[in-house]
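Asker: got a sequence here, can you model it:
(chains A, B and C)
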Amino acid sequence: MTQATRPHWEELREMAAEVLEVEPEEISDTGLFTEEHDSDSLRAIELLSRVEKKYRIELPQSELPNMASLSALYDVVAKYAHWHD
Amino acid sequence: MTPDRGAPPVVTGWSALSSLGTGADAFAAAVRAGRSGLVDVRGMFDGGELPRHTACAMPGFRARDHLGRKGTGYLDRSTALAVVAARLALADTDLELGDDNRRTTGVVLGTTAGSIRATSAYDRDTLTQDRPYLVDPMLFPTAVMNSAASRCAVWHRLHGVNATVAGGQLAGIDALRYGRTLMARGHADALLVGAVEEFSPHMAWGDERLYGSEPGRAPLGEGAVVLVAEDAERVRASGRSADAELPAVAFGRFAPPGGSPDPGKGLADCIDRALRQAGVHADEVRFVATGERGIPHLDAAEQAGVDAVLGPGTHRLRIKELVGECHAAAGMFQLAALLALHRNDPALDGRTSVVTSVSSGGAVGAAVLRGFSRTRRGHAG
Amino acid sequence: MDRRVVITGLGPVSSIGTGIAAFGASLRVGRSGISPVTSFDTTGFPYVMAGEVRDFVPGAVLRVLDPREWGRTSLFAAVAARLAVEDAGLDPATVPPERAGCVIGTTSGESRVLQGLTEQWVAEGMPALSPEDVRQCPPSRIAAAVSCELGFTGEAMTLSAACAASNYAIGYAYDLIASGETDYMVAGGADSTVRWAHAGFYRVGALAEHACAPFDRNRSGTLTGEGGSALLLETPETARARGARIHAEVLGYGLSCDAGHPVAPDPAGIADCMRRAHRNAGITPADVGYICAHGTGTPANDLAEVTAVREVFGASPPPMSSIKSMLGHTMGAASGFGAIAAVLVLTQGFLPPTINVTEPDPALVPVDPVPGRARPADVRVVQNNGFAFGGNNAITLFGRAT
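Answerer: The predicted structure is shown next:
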């Protein structure tokens, strides 16, 4: 990851923390949201919806299974938002 | 669960969460002192202008202060008030919840229309977001009226009956009536029976648009009351004692005040019926906690009904003067005011009182309560 | 000693027909009531289908209420109630008013009125809210509308247990009559389609694009619907005394709460509700000849519902179809429509189909969803499922009149 992508990474961490109702530092890079923070399908859609609004992109709900951790979420959003490392 | 138990339910603990304070003891102290909960509400809602500067509201209320961060980020205000009040009520009772009785313990909660603010804000997003479907998924359940009752069940793991009665001014009477029937018919052994109302710009402007020309009306209030209602025989058999017995509740629906059939006469019939069912003579009634709200044409019907049955020996208690007009929670706050008077006063033990409610639509109701002090309970325990 | 409780009147106001004859005929042929939304501007919504009631003319049925003074949901309830007492051959003026009442379930109350108020808020600000709309907004008016239309002065309760609300209402009405507390009750539900519910279901991935196809392998969600459903409940004695036809008997009901997830259904909570209902009615699973499913058509609901049925009924459960395939999800009115369908199953001897099913989901065997077409059946007991947001479960049981 380059310096340029770090702000996005931290933004996503904060969004995930808001949705999962924990502190940002509790969100690890690769831990599964369902296992570490008791996430569920509704919270997953909530996170997808916040990301869509924030970056003004459209994410198909078929991507939900691919957004199970912070790093996985980053990869999906990077693809749709055309962030380039 | 055995069907058709005869004895009416008893209250073994309760809570009131309002501008008068948090919990039964704070509420009781404020009622005894005759202290009003009126506060400055300017700035309570971001960017939301309010028609009046004061209300009996709780500008400082935050769910997470009571419940922690986890699970409180997506609660509407009504739901948060109800969940906190349920928690306070469970802390006030000596009913112990375990895996065996969580299945037969439920929730019956009165409301006007859930959180009108949450529902309306959800709909507002369909009009103001870039696309109409960009609504918040986690808030979807808060737009539905049963949010408060169902979240109380989730929070306290209660798998019994879970119901919401949308009764407006009569919601307290509705919740008592429905709860009694559920228990008598074997659908629940214990119930959290309560009501909730939130203060919001929506409620404030709605009130202003309907009753703006009534200068003497009670200011709006907010809050929640939850009673822990249990089967009387079960409580007695386990050697526990109760804060109150609820021997009778009666209801009728007539024309709006001023119309025919007359709701004032209807209320008189209700009070009479409830007293007969409770086996109490009108002369024995110590207090009547009315829902009078300073709107003359509505209060007239209630006063006519009360005056027709209860004499000058019955003391009037107008709790809206302290806690404000809490609509769906109004009846429960009236009942809580009676519980408050009993809580620390053994001289009132066993005395009978009445709660009355009249809606602008012509629904009327009366509940009978026989209260006891906690002092007595301390001796018994 | 419990009194028996029977159903003598049925009043559906739906997208597939108003009045029991039209509604029953549509169930038999599997008619869809789904069409493109016209009640709100769908610009920007990818999916636009719903089960709106197109031909609703309340003034044609109501005798007392002035339709201008009531919201759409109250009018659905009042028209349904009027149709139910007419079907029962009951002149409401002939019963003691204090011994007659109503209990009506709803999910969203006067949602169309509130939608209008929200539009006023967005367009002009809150000081411009219409006082008349504010007055019509409280959902307690739904039950009041029914009582006012029929002149009843007894019980008038609006119960909200989201989409299981009608079953709660029927259960409460049953208890009040069985215990002798009252003699006549109108029970049912009412709701109106609104933009926010459409948006919410779409957003959580629970809305279908074209059709609601419960139990289909490729089911993709539900569709919102609306209407009013009402049943007249009384005792066999009062019914016989005026020579009324008895449609069916209310056997009992059960309520439970998942107390888990606010949206996702829980098979354990649903199974618990079924057992409570069976116990309350004094029957065993083997007595049930047909289940009128909650059957929303979302992948999660149908799987949870079938899982619970398998747990309670074992390897050979009775047929279970979903009338939501025709009506969409009519929310608070839904289990009332289910109850009306249950009565028709008992009296007319057919199982309503689950339409739009092209390939039954192999994951849901052995449940038979009666795909595509109605079929004749000799059923003595029907189970009517209703589940809701918040894990509010309610199941009613109906038996053939004896």
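
Asker: stretch B:62-82: which residues count as buried?
Answerer: Across stretch B:62-82, burial judged by 16 or more other C-beta atoms under 10 Å in any protein chain shown covers B:63, B:66-67, B:71-72, B:74-82. To be clear about C-beta, it is placed using only N, CA and C from the backbone, and glycine gets the same treatment.

Asker: possible to save the residues you listed as JSON lines with secondary structure and pLDDT?
Answerer: What follows is the buried residues of stretch B:62-82, written out as JSON lines (DSSP: H, G, I helix; E, B strand; the rest coil; pLDDT from 0 to 100):
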{"residue": "B:Ala63", "secondary structure": "helix", "pLDDT": "95"}
{"residue": "B:His66", "secondary structure": "helix", "pLDDT": "96"}
{"residue": "B:Leu67", "secondary structure": "helix", "pLDDT": "95"}
{"residue": "B:Gly71", "secondary structure": "coil", "pLDDT": "86"}
{"residue": "B:Thr72", "secondary structure": "coil", "pLDDT": "92"}
{"residue": "B:Tyr74", "secondary structure": "coil", "pLDDT": "92"}
{"residue": "B:Leu75", "secondary structure": "coil", "pLDDT": "95"}
{"residue": "B:Asp76", "secondary structure": "coil", "pLDDT": "96"}
{"residue": "B:Arg77", "secondary structure": "helix", "pLDDT": "97"}
{"residue": "B:Ser78", "secondary structure": "helix", "pLDDT": "98"}
{"residue": "B:Thr79", "secondary structure": "helix", "pLDDT": "98"}
{"residue": "B:Ala80", "secondary structure": "helix", "pLDDT": "98"}
{"residue": "B:Leu81", "secondary structure": "helix", "pLDDT": "98"}
{"residue": "B:Ala82", "secondary structure": "helix", "pLDDT": "98"}
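
Asker: so which residues on the stretch 201-350 of chain C come close to chain A?
Answerer: Neighbours of chain A within the stretch 201-350 of chain C, by C-beta under 8 Å from any C-beta of the partner chain: C:203-205, C:261-264, C:300.

Asker: what bridges to C:Pro360?
Answerer: Beta-bridge pairing of C:Pro360 under DSSP bridges involves C:Asp216.

Asker: for it, give me its contacts.
Answerer: C:215-217, C:369, C:371 (C-beta atoms under 8 Å, 6 or more residues apart in numbering or on different chains).

Asker: now the helices: where do they sit in chain C?
Answerer: Counting by DSSP state H, one finds helices in chain C at the ranges C:20-29, C:72-87, C:111-124, C:131-136, C:140-150, C:165-178, C:195-203, C:236-241, C:267-281, C:299-313, C:324-327, C:334-348.

Asker: now render these as JSON lines, adding mean neighbour count and mean pLDDT.
Answerer: Shown next, in JSON lines, are the helices of chain C (neighbours: other C-beta atoms under 10 Å in any protein chain shown; pLDDT from 0 to 100):
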{"stretch": "helix C:20-29", "mean neighbour count": "19", "mean pLDDT": "98"}
{"stretch": "helix C:72-87", "mean neighbour count": "29", "mean pLDDT": "98"}
{"stretch": "helix C:111-124", "mean neighbour count": "20", "mean pLDDT": "97"}
{"stretch": "helix C:131-136", "mean neighbour count": "18", "mean pLDDT": "97"}
{"stretch": "helix C:140-150", "mean neighbour count": "30", "mean pLDDT": "98"}
{"stretch": "helix C:165-178", "mean neighbour count": "30", "mean pLDDT": "98"}
{"stretch": "helix C:195-203", "mean neighbour count": "25", "mean pLDDT": "97"}
{"stretch": "helix C:236-241", "mean neighbour count": "15", "mean pLDDT": "97"}
{"stretch": "helix C:267-281", "mean neighbour count": "22", "mean pLDDT": "97"}
{"stretch": "helix C:299-313", "mean neighbour count": "21", "mean pLDDT": "97"}
{"stretch": "helix C:324-327", "mean neighbour count": "30", "mean pLDDT": "98"}
{"stretch": "helix C:334-348", "mean neighbour count": "27", "mean pLDDT": "98"}
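
Asker: which of those helices sits closest to B:Pro137?
Answerer: Ranking the helices of chain C by their distance to B:Pro137 (criterion: C-beta to C-beta) puts helix C:195-203 first, at 5.3 Å.

Asker: report whether that closest one contacts chain B.
Answerer: Yes. Using C-beta under 8 Å from any C-beta, helix C:195-203 comes into contact with chain B via C:195-197, C:199-200, C:202-203.

Asker: what angle do that helix and helix C:111-124 make?
Answerer: 100 degrees (axes from the mean of the first three to the mean of the last three C-alpha atoms, to 10 degrees).

Asker: and the contacts of helix C:195-203?
Answerer: With C-beta under 8 Å, 6+ apart as the contact definition, helix C:195-203 has outside contacts at A:45, A:49, B:119, B:122-123, B:125-126, B:132-137, B:140, B:143, C:37, C:40, C:45-47, C:50, C:108, C:111, C:115, C:207, C:221-222, C:224, C:331.

Asker: list only buried entries from the residues you listed.
Answerer: By neighbour count, with 16+ other C-beta under 10 Å, the contacts of helix C:195-203 hold A:45, A:49, B:119, B:122-123, B:125-126, B:132-137, B:140, B:143, C:37, C:40, C:45, C:47, C:50, C:108, C:111, C:115, C:207, C:221-222, C:224, C:331 as buried.

Asker: doesn't B:Ala248 lie inside a strand?
Answerer: Yes. Secondary structure of B:Ala248 (DSSP: H, G, I helix; E, B strand; the rest coil): part of a strand.
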